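1. Sequence plus the predicted model coming up.
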Amino acid sequence: MTSTPLIELRSASFGYADRKVVDGVTLSQGPGEVIALLGPNGSGKSTLVKGLLGLSDHLGGDVKLFGTALAKFRDKPRIGYVPQRHSLSTSVRVTVREIVETGRLPLRPWWRPSGAADAAVVDKALDAVGLRDREREDVAALSGGQQRRVLIARALAAQPDVLVMDEPTAGVDVANQRILADVLARLAERGTSMLIVTHELAALSDVVTRIVCMNAGHVDFDGSPTAYAAGHRRHELGDGHHHSPSADEREPGLAAIVTDALPSREVRRG
Amino acid sequence: MGDLLSLDFMRQALIAAVLVGLAAPLVGAFLVQRRMSLIGDGIGHVALAGVAVGILTGSMPVLTALVAAVAAAVGVELIRAAGRTSGDIALAVMFYGGIALGVVLMSKSTASSGNLTGYLFGAILTTTSSDIVVFAGLAVVVVGVTWVLRHRFFAVANDEEYARAVGLPVMAYNIALSVLTAVTVVVSMRVVGLLLITALMIVPNATAQLVSRSFRSSLVWASLIGVLSAVGGVVGSFYAETPSGGTIVLLAIATFLVVSVVSGLVTRARRAAHERAERHDHEHGPQCGHQAIPHDGHIDYLHDGHRHAAHKDHYDEHDEHPHERPHDDHAQPEEVSR
Ligand SMILES: [Zn+2]
Ligand SMILES: [Zn+2]
Ligand SMILES: [Zn+2]
Ligand SMILES: [Zn+2]
């Protein structure tokens, strides 16, 4: 593998139709990095990852995935997307394995049935998240944390080069958060690159190698977890910054380390 | 049955019943999954306008119905994709416009009102053999295409956003499913009728949900129930001198009612007989240190002298002779797992 960045943004903007939610973000992720993307609700972190996946509109700047411009990027399964889902309950009965198997579909033409190689990769993905012994259970019967791991396994089944996760620990109880963090730690040990949108850094602090913090569509911190703990402490205290976006977030203490020179703006929700 | 099969029209009718009984629930499964159960009904309304145009112009009503239904199917997906709040109203205008146009045009033709009833509620025994050949060919195509694409339809219906993110052509699969629905509606109109076909697409799936543990097995069950209802309904309608469509649908609904009562009893018995293990801080796995014991196609983990087996979101107590243990304390397990 070369050292081409997996994800490379230069003054990139994303949004919906003409409305910019993410504005002028510069960011690059190298192989093996596990980045936590923090920020209050409406700061644009979800819109940013959706932009990488083609789910929100690219409104300006340069975006490259694995060295290819976003508009020309076709090898979508290389990005393993783990969406935020509050529940996997469906109108029909679906087993854990059936969900994970869908991760293989984009890798083969529509007319080719799944083969032994597909089954082996699905087995491995289920093992990686510790759900092999529940593969025949109805997904709706699993706990929230287990359902989150099903979605991680589905993404792993495509053998992606980077995992992009949207709030993997949100709404998961503490015991299950620990199991989830162990799963992510095992993946990180194997060299899996990850971009994790999250509110709850504490649960993932052992896994993360770099922290990017967004506010109001801009990046206002990008550095190591140590630097974050030392210089960006306000974000951690009481987690107030990440749970309730409010005006008092832009106090001088924070402004001093804001790396983005643009004037602050209204926090947008959605 | 032997003397039934010696009747030419009966043999044709049974072939049509098998094909429709197979195709309708198979396509319907994905409509249920997408929570669009009633869309076939709307498409059927528009197909009636096609039938009327065919009768008036003296061309084959099957073909004109097919054109109208496929156009409606594509329209449904385009309206859905636009995602406007007025989408529902657009669909209503299209569906009711279709059936109203059909009824008005029919009244201008020389065809009797019995003819209209035949299309609305099914009249398999009066269908010409050239029509049966066309229907059979189309039904085979529907079953084949749906079977080949079933994993993709499943993935798109299960999580459309994810499917789009990994590069599956979501819109194309949605339109394909919609067109397959339209073809199924037209193929079934002489057997079950335009107003009843949706029941044959949906009810066998509702029954299958009660007895299957995976989507894969529910497809098989739904098709089986569909074929049995369709064949049973055609034979029954011959002896009872009732319309085939209504008879088929009543049979499918009776099956659903019987199966839901039985499965309710079975579920209750299972819940009473299974024993939940105490709550755990960790999940067992290859690394956890507890000894893994393969057991009846699954794995038990040895934990402080007893065995745990994964079940739903918790662990069950297992041992070598599961039925010799008393299961008294498994009645109030719900709180323990949370
Ligand atoms: Zn254990
Ligand atoms: Zn135990
Ligand atoms: Zn249990
Ligand atoms: Zn066991």
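-> In hand now; what should we look at? Ligands and ions are numbered 1, 2, ... in the order given.
2. When you work out contacts or count neighbours from here on, use the C-alpha atoms and nothing else.
-> Noted.
3. List the buried residues in stretch B:220-239.
-> B:220-238 (16 or more other C-alpha atoms under 10 Å in any protein chain shown).
4. Kindly report the residues of the stretch 101-250 of chain A close to chain B.
-> Within reach of chain B by C-alpha under 8 Å from any C-alpha of the partner chain, the stretch 101-250 of chain A has these residues: A:102, A:105-106, A:110-111, A:130, A:133-134, A:136-138, A:141-143, A:146, A:175, A:179.
5. Break down the stretch 151-270 of chain A into its helices, ranges please.
-> A:174-189, A:201-204, A:225-231, A:233-236, A:240-243, A:252-255 (DSSP state H, counting those that start in this stretch).
6. can you check the stretch 1-150 of chain B too?
-> B:2-5, B:8-33, B:39-57, B:61-82, B:87-108, B:113-121, B:129-148, B:150-158.
7. A:Thr68 is nearest to which of those?
-> Among the helices of the stretch 1-150 of chain B, the nearest to A:Thr68 by C-alpha to C-alpha is helix B:150-158 (26.5 Å).
8. Report the mean per-residue pLDDT for the closest one.
-> Helix B:150-158 comes out with an average pLDDT of 96.
9. From the residues of the stretch 101-250 of chain A next to chain B, list the buried ones, please.
-> Neighbour-count burial (16+ other C-alpha under 10 Å) is assigned, among those, to A:102, A:105-106, A:130, A:133-134, A:136-138, A:141-143, A:146, A:179.
10. Which two among those are spaced furthest apart?
-> Most distant of those, by C-alpha to C-alpha, are A:Pro106 and A:Ile179, 28.7 Å apart.
11. State the number of residues packed around B:Leu149.
-> If you count neighbours by other C-alpha atoms under 10 Å in any protein chain shown, B:Leu149 ends up with 17.
12. so what's it up against?
-> Shown in contact with B:Leu149 (C-alpha atoms under 8 Å, 6 or more residues apart in numbering or on different chains): A:Trp110, A:Trp111.
13. Give me the distance between it and B:Val143.
-> Remark: distance between B:Leu149 and B:Val143 (C-alpha to C-alpha, to the nearest Å) = 10 Å.
14. can you check B:Ala240 too?
-> B:Ala240 is 30 Å from B:Val143, by C-alpha to C-alpha.
15. Those two: which has the busier surroundings?
-> B:Val143 (19 against 12).
16. contacts for the host helix or strand of A:Gly145?
-> Here A:Gly145 sits within helix A:144-157, counting by DSSP states H and E. The contact list for helix A:144-157 (C-alpha under 8 Å, 6+ apart) reads A:80-83, A:85-88, A:96, A:99-104, A:121-122, A:124-126, A:128-129, A:131, A:139, A:163, A:168-169, A:171-173, A:176-177, A:180, B:313.
17. what do you get for stretch A:72-81?
-> Among residues not part of stretch A:72-81, those counted as contacts by C-alpha under 8 Å, 6+ apart are A:53, A:65, A:106-107, A:155-156, A:158-165, B:162, B:165-167.
18. what about the helix holding A:Gly145, distance to the chain center?
-> Between the centre of helix A:144-157 and the centre of its chain there are 13 Å (C-alpha atoms, centre = their mean, to the nearest Å).
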